[in-house]
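# Sequence and predicted structure below; questions after.
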Amino acid sequence: MIRFLDKISKVKIKYYPNKKKVSLAAKNDDPLVVLISCDASKLLMSGIDDSFEHVILLRKLNISDSEIDKYFRLIVNKSGADWTFVCPTDYKNIKNREKRIEQFYKDGVDIIKTGLKKIGYDVPIDIPKRFRRHFEEIGSGGSK
């Protein structure tokens, strides 16, 4: 995790539509749409009513939706963070599928926990059942 801490401390945070509106959504415990880049350099966020889902948030911030695989995707509130677990087939150029998924998971847990703390959330991370198929294939769980 140490390798990500330095980057996440310098993370560039972008809010949609603006920081004030996202802060109000967080204060009201409305769900937040959050994207944290896999290299821990960017964190994008909005209230769910302003972007509805991850690809729309990218578009609203003028980022190509083809960039979606460069981000860990979350829906967050005070009770927890639901991680839309979709491991890119080219993640870190790891050819072995099982090792790629394991590395994506390890990196994701480290980066997500640290990124969420950076924005004031120290909450459990859950991978909803519909996204756990990878873990069932390799014999792992799905909550951290």
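Yes, it's here.

# residue ranges of the helices in this structure, please?
Using DSSP state H, the helices assigned to the chain run over residues 2-9, 19-27, 48-51, 54-60, 97-118, 133-138.

# for stretch 111-120, which positions count as buried?
Going by neighbour count (16 or more other C-beta atoms under 10 Å), the buried part of stretch 111-120 is Ile111, Ile112, Lys113, Thr114, Gly115, Leu116, Ile119. To be clear about C-beta, it is placed using only N, CA and C from the backbone, and glycine gets the same treatment.

# Format those residues as JSON lines; extra columns: distance to Lys42 and pLDDT.
Formatted as JSON lines, the buried residues of stretch 111-120 follow (distance: C-beta to C-beta, whole Å; pLDDT from 0 to 100):
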{"residue": "Ile111", "distance to Lys42": "11", "pLDDT": "96"}
{"residue": "Ile112", "distance to Lys42": "13", "pLDDT": "97"}
{"residue": "Lys113", "distance to Lys42": "17", "pLDDT": "96"}
{"residue": "Thr114", "distance to Lys42": "13", "pLDDT": "95"}
{"residue": "Gly115", "distance to Lys42": "10", "pLDDT": "96"}
{"residue": "Leu116", "distance to Lys42": "14", "pLDDT": "97"}
{"residue": "Ile119", "distance to Lys42": "12", "pLDDT": "96"}
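
# now these in a markdown table, with distance to Arg100?
Putting the buried residues of stretch 111-120 into a markdown table (distance: C-beta to C-beta, whole Å) gives the following:
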| residue | distance to Arg100 |
| --- | --- |
| Ile111 | 16 |
| Ile112 | 18 |
| Lys113 | 21 |
| Thr114 | 21 |
| Gly115 | 21 |
| Leu116 | 24 |
| Ile119 | 28 |
